[in-house]
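1. with the input below, show me the fold.
(chains A and B)
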Amino acid sequence: MKSLQPVRGTHDLLPDAFRRHRHVAERARAVAESYGFLEMATPIFEFTEVFKRTLGDTSDVVSKEMYSFADRGGEEITLRPENTAGVCRAIVSNGLRQSLPVKFFYDGPMFRYERPQKGRQRQFHQIGVELVGVEGPLGDVEVIALGAHILDALGILDRTTLELNTLGDQESRAAYRAVLVDYFSAHRDALSEDSLARLERNPLRILDSKDEGDRRLVAGAPTFETHLTGAAADFFAAVKAGLDTAGVAYAVNPRLVRGLDYYCHSAFEFTTTALGAQGTVLAGGRYDGLIEMMGGPATPGVGWAAGIERLAMLATDVPPAPRPIAVVPVGAAAETAGLRLTQSLRRAGLAVDLGYGGNLGRRLKRADKIGARVAVIIGEDELASGAAKVRDLDTGNQSEVSLAALADHLAAFR
RNA sequence: GCGGGUGUAGCUCAGGUGGUUAGAGCGCCAGAUUGUGGAUCUGGAUGUCGUGGGUUCAAGUCCCAUCACUCGCCCCA
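-> Predicted structure coming up:
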């Protein structure tokens, strides 16, 4: 252990930050449920094979970003870098192919061994949805519309752009890939170093290169549109028409490409310019071949994931911290009565903070600092008279309320 | 994994060309107010100057390494 620092790229979530995260997750869950997506969870680690077989050996996630280790039994284990593979594994493991289609929502930590920067951490959190067992474009439309709806519920939809593209079916993609390789190979000397590597591993990736020279080449490159099979073109048209019907605005970006092997047909990204180099806020696509790659029967699927940290940085309307009622006992005799009173108020459904020590002034100061709405003061006088002092900490008004009537009186501050 | 920037108190930051006891504001603690918070006033404590080496009579200041953060690339949420 190196001193008392957290591991690089990991962060503590103290209450203020945690409240933002929780707000994002809760809003998202509520909207997802309104679309019929049910929350579920898979383990945060899986056999390494689950990710290796689905993400593709050449993807950066597999080749350099996985937290992998051998456990005590010698099993090769990996902390999940994303959750789609785990959810699909769970569908097969639990025999859920009997109940397709399934609609899942999830929320949890993911792990990637990356160089941290703004909006990028080694342990981060994602919410996401997976719709498995629907092969038609209506599935894509619903999943994308849900993403837009959640962003809207978080107050950030108007600061994002939905970029949409198609990666076609197997046939289209193979044909286009071959044409692209020919084109870029002919201009090899003009390609950037990064793109030369892409040419070997994932030539489609060259399309969204940020390099100036690459972009000039890309501008003259053959487009995917002209290489789509009729079926793939129809599928894309149906997705666009569905989004129009659902009232979801989008911009077709022919250069949008996904890095992971399992995507086909729809690829989409909600992007923003508010997060520096990390523009993607919510992204996903269709992955019809994934379960088959994993060793299961061919099963279509479509879904997306969104980074909670990124969403939390953009979210508006984050609720303020709750304001408790502070019970302030004065003097040793009142401590017991204070505890008894506190517990009875809590059982009545109120949020109550019991002051822990010091004189009256100190305890009121503490009550003020934690944002208490009212302070209930009980000392010897109050015990004798059977009525507590109730002090409104916003206005400074103070009144006497009989102990028996306290819970009802305070109900207004629940 | 590659390149740039930064690291001084809990937080935000000052500390010309090395020089003796390292500062401010906010926050924190105490008192004015031993049964009344917030405002004000008075007083107090902050700290391995990220860490480890080196140069020097002398290092917060210069050099090297390392760690962390940060910006960009790769890639991605």
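
2. ok, residue A:170 touching residue A:264?
-> Yes. Residue A:170 is within contact range of residue A:264, at 7.0 Å (criterion: C-beta atoms under 8 Å). To be clear about C-beta, it is placed using only N, CA and C from the backbone, and glycine gets the same treatment.

3. what do those two both touch?
-> Contact criterion C-beta atoms under 8 Å, 6 or more residues apart in numbering; residues shared by residue A:170 and residue A:264: residue A:289.

4. I'd say residue A:392 and residue A:398 touch.
-> Yes. Between residue A:392 and residue A:398 there is a contact at 7.2 Å, judged by C-beta under 8 Å.

5. chain center to the one helix or strand residue A:54 maps to, what's the gap?
-> Here residue A:54, judged by DSSP states H and E, is contained in helix A:48-55. Computed by C-alpha atoms, centre = their mean, to the nearest Å, the chain-centroid distance of helix A:48-55 equals 21 Å.

6. more crowded one of residue A:170 and residue A:264?
-> Taking neighbours as other C-beta atoms under 10 Å, residue A:170 and residue A:264 compare with residue A:264 leading, 24 against 13.

7. ok, that one touching residue A:289?
-> Yes. Residue A:264 is within contact range of residue A:289, at 6.5 Å (criterion: C-beta under 8 Å).

8. what is in contact with the two at once?
-> With C-beta under 8 Å, 6+ apart as the test, residue A:264 and residue A:289 both reach residue A:170.

9. how near is the residue in the stretch 101-250 of chain A positioned nearest to RNA strand B to residue A:11?
-> When scored by C-beta to the nearest atom of the strand, the stretch 101-250 of chain A has residue A:118 as its residue closest to RNA strand B, at 2.8 Å. As judged by C-beta to C-beta, to the nearest Å, residue A:118 and residue A:11 stand 12 Å apart.

10. where along the stretch 251-400 of chain A do the helices fall?
-> A:290-293, A:308-314, A:332-347, A:360-369, A:380-385 (DSSP state H, counting those that start in this stretch).

11. CSV please, covering these and showing mean neighbour count.
-> Shown next, in CSV, are the helices of the stretch 251-400 of chain A (neighbours: other C-beta atoms under 10 Å):
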stretch, mean neighbour count
helix A:290-293, 21
helix A:308-314, 22
helix A:332-347, 16
helix A:360-369, 15
helix A:380-385, 14
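
12. who's in contact with the residue nearest to residue A:207 when sequence neighbours are not counted?
-> Excluding the flanking residues, the one nearest residue A:207 by C-beta to C-beta, 6 or more residues apart in numbering is residue A:255, at 4.3 Å. When contacts are counted by C-beta under 8 Å, 6+ apart, residue A:255 touches A:165, A:207-208, A:218.

13. next one: residue A:255 relative to RNA strand B, how far apart?
-> Separation of residue A:255 from RNA strand B (C-beta to the nearest atom of the strand, to the nearest Å) stands at 12 Å.

14. residue A:76 now?
-> Distance of residue A:76 to RNA strand B, given as C-beta to the nearest atom of the strand: 20 Å.

15. just give me the neighbour total for that residue.
-> The number of residues packed around residue A:76, counting by other C-beta under 10 Å, is 12.

16. list the contacts of it.
-> By C-beta under 8 Å, 6+ apart, the contact list for residue A:76 reads A:47-49, A:68-70.

17. can you pull up the bridge partners for it?
-> Counting by DSSP bridges, residue A:76 forms beta bridges with residue A:70.

18. circling back to that earlier point, now render the helices of the stretch 251-400 of chain A as a markdown table, adding distance to residue A:241 and mean pLDDT.
-> Shown next, in a markdown table, are those (distance: least, C-beta to C-beta, whole Å; pLDDT from 0 to 100):
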| stretch | distance to residue A:241 | mean pLDDT |
| --- | --- | --- |
| helix A:290-293 | 26 | 90 |
| helix A:308-314 | 29 | 92 |
| helix A:332-347 | 55 | 92 |
| helix A:360-369 | 57 | 90 |
| helix A:380-385 | 70 | 92 |
